[in-house]
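Colleague: the following comprises the amino acid sequence and a computationally predicted model.
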Amino acid sequence: MDRETKERIASGELRHIAFIMDGNGRWATRAGKSRNEGHRKGAKTFEEIASYCHEIGVRHVTVYAFSTENWRRPESEVSALMRLFSSYLDTAIRRFTEKKVRVVFLGDKTPFPPAIVKKMKRLESDSSSYSDTLNIAFNYGGREEIVHACREALAAGEEISEEAVARHLYTAASPDPDLIVRTAGEMRLSNFLLWQAAYAEFYYTDVLWPDMTFADVDKACVDFLRRKRNFGGIDPNPGPD
């Protein structure tokens, strides 16, 4: 990444990138491997890409790891994903806390085995004082999150408003994403950050998630920084037609 791009990111022009990590299964098929191998390769890519974003100055990163709809997959695949997730809680994700990155798990923890829930809560507690944040959406659905936030606001005796809902979202510790990146050529949100994506920029790439590189992240960042974001207003300095 060139110096100007890094400086602009460091200045706060790009605070939060969210990734829809798509393509593990297709990568496995093309490579002649099992879907579980694809998920393992995807998990390794997650660790590398999230670390890289932290290194270049992106202060908040969110990844879509497991949706509420993913429980519909074959039981053998779901079980393998749970084992992989449990292992990563002990190793890769733990390393983010050592880098002084706050780890937050987005979604409903109740369906997970108690041992996994204990690890998740321990990581969140151990890293709670850090400002740089890694949000991991696991058993997450955007519609469910909005319902959850409304229920939490009402339970707290608050009237429903945009501010009240925002305070009770799973992502309350982070600003809304500036950029949402989806891999594998798909062009949809798939129930991801529905509330938070209101003013996000979108970047789609045909690259399968396990093949995602630092150069691909650079391309997404440069593309984002070339755009003009008016948030519904009028650009005071429009370019030529």
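Modeller: Thanks, I have the structure now.
Colleague: the helices in the chain, which residues?
Modeller: In the chain, helices defined by DSSP state H lie at 3-10, 24-31, 35-55, 75-90, 92-98, 114-126, 142-155, 162-167, 214-226, listed in chain order.
Colleague: in the protein, where is pLDDT below threshold?
Modeller: 231-241 (pLDDT under 70).
Colleague: CSV for the helices of the chain, including distance to Val181?
Modeller: Any C-beta I mention is one placed from the backbone N, CA and C, and that applies to glycine too. Shown next, in CSV, are the helices of the chain (distance: least, CB to CB, whole Å):
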stretch, distance to Val181
helix 3-10, 14
helix 24-31, 15
helix 35-55, 9
helix 75-90, 21
helix 92-98, 19
helix 114-126, 24
helix 142-155, 16
helix 162-167, 23
helix 214-226, 5
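Colleague: Val104: which of the ones you listed is closest?
Modeller: Relative to Val104, the nearest member of the helices of the chain by CB to CB is helix 114-126, separated by 6.2 Å.
Colleague: other residues contacting the closest one?
Modeller: Outside helix 114-126, the residues within contact range by CB atoms under 8 Å, 6 or more residues apart in numbering are 82, 85-86, 89-90, 93-94, 97, 103-105, 109-110, 112.
Colleague: relative to Asp178, which of these is nearest.
Modeller: Val104 (17.7 Å).
Colleague: still on that earlier bit, and of the helices of the chain, who's closest to Phe192?
Modeller: Of all the helices of the chain, helix 142-155 comes closest under CB to CB, at 5.7 Å.
Colleague: and that closest one, what does it pack onto?
Modeller: helix 162-167 (3 or more CB pairs under 8 Å, 6 or more residues apart in numbering; DSSP states H and E).
Colleague: what do you get if the cut-off is 10 Å, keeping everything else the same?
Modeller: strand 60-67, helix 162-167 (3 or more CB pairs under 10 Å, 6 or more residues apart in numbering; DSSP states H and E).
Colleague: can you tell me which of these is most buried?
Modeller: Mean neighbour count (mean count of other CB atoms under 10 Å) peaks for strand 60-67 among those, with a mean of 23.
Colleague: which strands and helices sit next to that strand?
Modeller: strand 16-20, helix 35-55, helix 75-90, strand 102-106, strand 133-140, helix 142-155, strand 179-182.
Colleague: ok, Ser127 - how many residues close by?
Modeller: Applying other CB atoms under 10 Å, we find 22 residues neighbouring Ser127.
Colleague: cool, and Arg83?
Modeller: With other CB under 10 Å as criterion, Arg83 counts 12.
Colleague: one more: His168?
Modeller: Counted with other CB under 10 Å, the neighbours of His168 add up to 19.
Colleague: please name the residues that touch it.
Modeller: 145-146, 148-156, 158 (CB atoms under 10 Å, 6 or more residues apart in numbering).
Colleague: drop anything exposed from those residues.
Modeller: 145, 148-149, 152-153 (16 or more other CB atoms under 10 Å).
Colleague: any chance of those residues in JSON lines, plus distance to Thr29?
Modeller: As requested, the buried ones among the contacts of His168 are exported to JSON lines (distance: CB to CB, whole Å):
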{"residue": "Glu145", "distance to Thr29": "31"}
{"residue": "His148", "distance to Thr29": "35"}
{"residue": "Ala149", "distance to Thr29": "38"}
{"residue": "Glu152", "distance to Thr29": "41"}
{"residue": "Ala153", "distance to Thr29": "44"}
